[in-house]
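Visitor: How does the following fold in three dimensions:
(chains A and B)
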Amino acid sequence: MRLKLTTLVSLLALMLSTSCKKDEYVNLKATIAGESSLIGTVEGSPFIYNLSLSKELSEDLPIKLVIDTTETVKYINKDDYNPIFEYSSDSGKTWRKGTASSVTFPKNTKDLKIRLNTLDDKKLEVHEEFKLNFTVDAGDKFSISGSIDPVECIVEDNENNISVTYGIAIYALDNNNFNLIALNREKISDNDQKSIIDNGLKQEVKDDILEVTSFGDIGIKYLEVMFDFSADLQGFVRNVSKSGEDQWYMGLELSRAYYTVDPVTKMKIRQKYNENGFFGYVLTHEFGHIMTLNQAREMDILTGPDDCSRLYIREGCAREASALDGFNTAFYDESVTLNEPSHVTAYARTNIVEDIAESFAYYNSQEDTPISSTDSSGALRKMNFVANLISLNKFRTPIREAINVKLPSSYSDIRAHFNRTKDGKRISCIDHGKIAQAVKDR
Amino acid sequence: MKFLSLILLAYCSSCSYNLVQTPLNIEVSLCFGTCLSYNLEVLPNSTYVLSDFHKTRLTKGKLNSKQRKSLKSILTRIALENEKKIFGDLSIRDVSKIKISFNSTAVEINGRSLVPQSYKPLLKWADEFYTTNTSRVPHRTRIKNQK
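Guide: Numbers count the residues shown, from 1 in each chain, chains lettered A, B, ... in the order given. Predicted coordinates:
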């Protein structure tokens, strides 16, 4: 009897087990879909992307993932996210770790969340981007229809930022450190620009800027970096102090330090840093402004126009024996006539401030400065003015030792006897009419 | 009375015909680089004088109807009346300074990057007018040295 009962129970158990196996859900066919083609997050928060299947599968479905940064200049840096993907099939209640290239769509589920954690690094950056590419690893086992389009992902940087007017970034200079304090996210449009933001300025640029601007013991407080080869503006300066001190803000176009124009093809080509000396010329021009407009020695903002008996400009009243006051007396007095060319460059004609800055840059860039006489051109006399003024000429040797400084390629040396007709015949230095005509003919 | 009405009508017609009540002046200075630079004056009767940055006259003439129409449309869209403003920092050196004045408006802009949205179409129009109405290559700062 006991044996019969045991046999019966065994038989029942066998029947039950067989019946369970017969009812097991088997499905390897479904359609997959993703939620959208664009997702965004703020730095420090995760990206979460939703996938869905039309039917539950009876086995785990592997999904391969690739972070693609090849098509964007605002690419996400590798240290800005945790590369391990996570996934959840319970609406985000629990998360499981995938790998850096895959997650699993668990069996018997229809909805999957994929998570990628971004890292809050307290660093001012662009709003970074990448493309998330999906591949369903169906193999021979599954029959999965549908597809998941690549998803554009944008990580919004959460650091405070201020506006940048001309360039891509502003650095505050502190103890020879260049601290990024602002960036123009909209202007970042190539890898050079992105690299400056991510990695900072190259040491060679920093060294040159620091060295040249330190010669006058005034220095600069801020640097606005421009990097656009097609841009018109090459540099600028301004004193941002509101209280009569020297707090100089300099803007410099750096692309011309790394690129130039091929003289034959007229195409933009890469050059060794400041190989042609043009960047050196620009930096010297801007430094010339600081040396002639500073409050410490040259200008006095506290003396108003009514009390100023010398040259008065926006930076204030020119101090006695200042470079600008001397320049004004020598070349801007109504009684002074200057032989052509009266200025070293066309830009020098803008105003007295640009005239002296260009004369300073020219004096430092040209190999030598021929001695001038009253019959010489205004351009040469202005170069000689700089050459004979100790407060300015003392910078020539240190500047030329610090940085490669050359005249722009379209300029040529200012010599003592350079006035010639179109046909190459020499013109007397005092034949102003013929000189003016020759200048026009060029 | 009829006579007065006629005079008023003629006066109003003249007002609407004129581009501006006072000359339109657009001065664009050089920058340390290769910026466009010119002075453009357009009188209420649509005659213009275009000069270079030394105020040397390059060309003068009268706007054709297409130019007049496009300029009038742009000026109408600058809604701010009596605007007397300085945009940007006056003490900045080397950027292009732009002065625009017409009717009761007079603005000074220190740097092309700071041109307000409302004036951008006008400046674009003037830039194009300059480049198409001068036989010279657009006069840019970094020209050949004058020797």
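
Visitor: The chain: helices as residue ranges?
Guide: Reading this off chain A. A:2-23, A:191-199, A:203-214, A:255-258, A:278-293, A:323-331, A:352-365, A:378-388, A:390-393, A:396-402, A:432-441 (DSSP state H).

Visitor: ah, no, chain B please
Guide: B:2-17, B:65-77, B:120-133.

Visitor: check contacts around the residue nearest to A:Ser359 when sequence neighbours are not counted.
Guide: In space, and not counting its chain neighbours, A:Ser359 is closest to A:Lys382: 4.1 Å by C-beta to C-beta, 6 or more residues apart in numbering or on different chains. The C-beta positions use only the backbone N, C-alpha and C, and glycine is treated the same way. Residues near A:Lys382 by C-beta atoms under 8 Å, 6 or more residues apart in numbering or on different chains: A:327, A:331, A:343-344, A:348, A:355-356, A:359.

Visitor: Get me the contact residues on the stretch 301-442 of chain A for chain B.
Guide: Proximity of the stretch 301-442 of chain A to chain B, by C-beta under 8 Å from any C-beta of the partner chain, involves residues A:314-315, A:340-341, A:343-347, A:349-350, A:353-354, A:357, A:377, A:379, A:408, A:410-412, A:414, A:418-419, A:439, A:442.

Visitor: What's the ChimeraX syntax to select whichever of the residues you listed are buried?
Guide: Command for ChimeraX, covering only those of these found buried under the criterion 16 or more other C-beta atoms under 10 Å in any protein chain shown:
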select /A:315,340,341,343,344,345,346,347,349,350,353,354,357,377,379,408,411,414,418,419,439
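
Visitor: still on that earlier bit, which of the helices of chain A sits closest to B:Ile98?
Guide: Checking these against B:Ile98 by C-beta to C-beta gives helix A:352-365 as the closest, at 16.6 Å.

Visitor: can you state the direction angle for the closest one and helix A:323-331?
Guide: Per axes from the mean of the first three to the mean of the last three C-alpha atoms, to 10 degrees, the angle that helix A:352-365 makes with helix A:323-331 is 90 degrees.

Visitor: Check which helices and strands helix A:352-365 sits against.
Guide: helix A:278-293, helix A:323-331, helix A:378-388, helix A:390-393, helix A:396-402 (3 or more C-beta pairs under 8 Å, 6 or more residues apart in numbering or on different chains; DSSP states H and E).

Visitor: Distance to A:Glu56 and mean pLDDT added to these, as CSV?
Guide: What follows is the helices and strands packed on helix A:352-365, written out as CSV (distance: least, C-beta to C-beta, whole Å; pLDDT from 0 to 100):
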stretch, distance to A:Glu56, mean pLDDT
helix A:278-293, 64, 98
helix A:323-331, 82, 97
helix A:378-388, 83, 97
helix A:390-393, 82, 96
helix A:396-402, 71, 98
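
Visitor: Which among the ones you listed is found nearest to A:Val103?
Guide: Closest among the helices and strands packed on helix A:352-365, using C-beta to C-beta: helix A:278-293, at 49.2 Å.

Visitor: then the closest one to CSV, C-alphas only?
Guide: In CSV, the C-alpha atoms belonging to helix A:278-293 read as follows (Å, rounded to 0.1, in the frame of the first residue of the first chain):
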residue,chain,number,x,y,z
PHE,A,278,53.3,87.9,-37.2
PHE,A,279,52.0,87.0,-33.8
GLY,A,280,55.1,88.6,-32.3
TYR,A,281,54.2,91.8,-34.2
VAL,A,282,50.7,91.8,-32.9
LEU,A,283,51.8,91.1,-29.3
THR,A,284,54.4,93.9,-29.5
HIS,A,285,51.8,96.3,-30.8
GLU,A,286,49.5,95.6,-27.9
PHE,A,287,52.4,95.8,-25.5
GLY,A,288,53.2,99.1,-27.0
HIS,A,289,49.8,100.4,-26.1
ILE,A,290,50.3,99.4,-22.5
MET,A,291,53.7,101.0,-22.4
THR,A,292,52.3,104.3,-23.7
LEU,A,293,48.9,104.4,-22.0
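
Visitor: Quick one: distance of that helix to the chain centre.
Guide: Computed by C-alpha atoms, centre = their mean, to the nearest Å, the chain-centroid distance of helix A:278-293 equals 21 Å.

Visitor: That helix vs chain B: in contact?
Guide: Yes: Helix A:278-293 is in contact with chain B by C-beta under 8 Å from any C-beta, via A:282, A:285-286, A:289, A:293.

Visitor: got it, and stretch A:212-225?
Guide: No: using C-beta under 8 Å from any C-beta, stretch A:212-225 never reaches chain B; the gap is at least 10.6 Å.

Visitor: For that stretch, measure first residue to last.
Guide: By C-alpha to C-alpha, to the nearest Å, the extent of stretch A:212-225 from end to end equals 16 Å.

Visitor: Show residues contacting it.
Guide: With C-beta under 8 Å, 6+ apart, stretch A:212-225 has contacts from A:164-173, A:178, A:181, A:196, A:201, A:209, A:236, A:240, A:246-252, A:254, A:283-284, A:287, A:290-291, A:294, A:296, A:395, A:398-399, A:402-403.

Visitor: about what we covered before: quick check: the gap between the residue nearest to A:Ser359 and chain B.
Guide: For A:Lys382, the distance to chain B equals 13 Å [C-beta to the nearest C-beta, to the nearest Å].

Visitor: related to what we said a few turns ago, looking at the residues of helix A:278-293 next to chain B, spot the one nearest chain B.
Guide: Distance to chain B, by C-beta to the nearest C-beta, is smallest for A:His289 among these, at 5.4 Å.

Visitor: Residue 110 - nearest residue in space that isn't next to it in sequence?
Guide: Since no chain was named, I'll use chain A. A:Leu53 (5.0 Å).

Visitor: I was after chain B.
Guide: B:Asn110 sits nearest to B:Gly88 (C-beta to C-beta, 6+ apart), 3.3 Å away.

Visitor: Which pLDDT value does the model give the one you found?
Guide: Looking at B:Gly88, its pLDDT reads 90.

Visitor: OK, contacts around it?
Guide: Contacts of B:Gly88 (C-beta under 8 Å, 6+ apart): A:165, B:95, B:109-111, B:114.

Visitor: Extract the residue ranges of the chain that are flagged as low pLDDT.
Guide: Assuming you mean chain A. A:1-23, A:417-419, A:428-432, A:442 (pLDDT under 70).

Visitor: not what I meant, chain B
Guide: Along chain B, the parts satisfying pLDDT under 70 run over B:1-17, B:19, B:79-82, B:135-147.

Visitor: that older thread, any chance of the contacts of B:Gly88 in CSV, with distance to B:Thr47 and neighbour count too?
Guide: Output for those, formatted as CSV (distance: C-beta to C-beta, whole Å; neighbours: other C-beta atoms under 10 Å in any protein chain shown):
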residue, distance to B:Thr47, neighbour count
A:Thr165, 36, 18
B:Val95, 31, 29
B:Ile109, 25, 22
B:Asn110, 30, 22
B:Gly111, 30, 22
B:Leu114, 30, 16
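
Visitor: Show me which pair in those residues is furthest apart.
Guide: Across the contacts of B:Gly88, the two lying at the largest distance from each other (C-beta to C-beta) are A:Thr165 and B:Ile109, at 11.6 Å.

Visitor: how many other residues sit next to B:Thr34?
Guide: B:Thr34: 17 surrounding residues under other C-beta atoms under 10 Å in any protein chain shown.

Visitor: What are the phi and psi values at it?
Guide: For B:Thr34, the backbone dihedrals are phi -130, psi 40 (criterion: degrees, to the nearest 10).

Visitor: for the nearest residue to B:Ser29 once chain neighbours are set aside, which residues make a bridge with it?
Guide: Of all residues not flanking B:Ser29 in the chain, B:Lys97 sits nearest, at 4.4 Å (C-beta to C-beta, 6+ apart). Judged by DSSP bridges, the bridge partners of B:Lys97 are B:Asn110.

Visitor: Just list the residues touching B:Lys97, thanks.
Guide: Here B:Lys97 is in contact with B:27-29, B:108-111 (criterion: C-beta under 8 Å, 6+ apart).

Visitor: for the spatially closest residue to A:Ala257 that is not a sequence neighbour, what are its contacts?
Guide: Spatial nearest neighbour of A:Ala257, chain neighbours left out: A:Phe279 (3.7 Å); criterion: C-beta to C-beta, 6+ apart. Taking C-beta under 8 Å, 6+ apart as the criterion, A:Phe279 is in contact with A:208, A:252, A:254, A:256-257, A:403.
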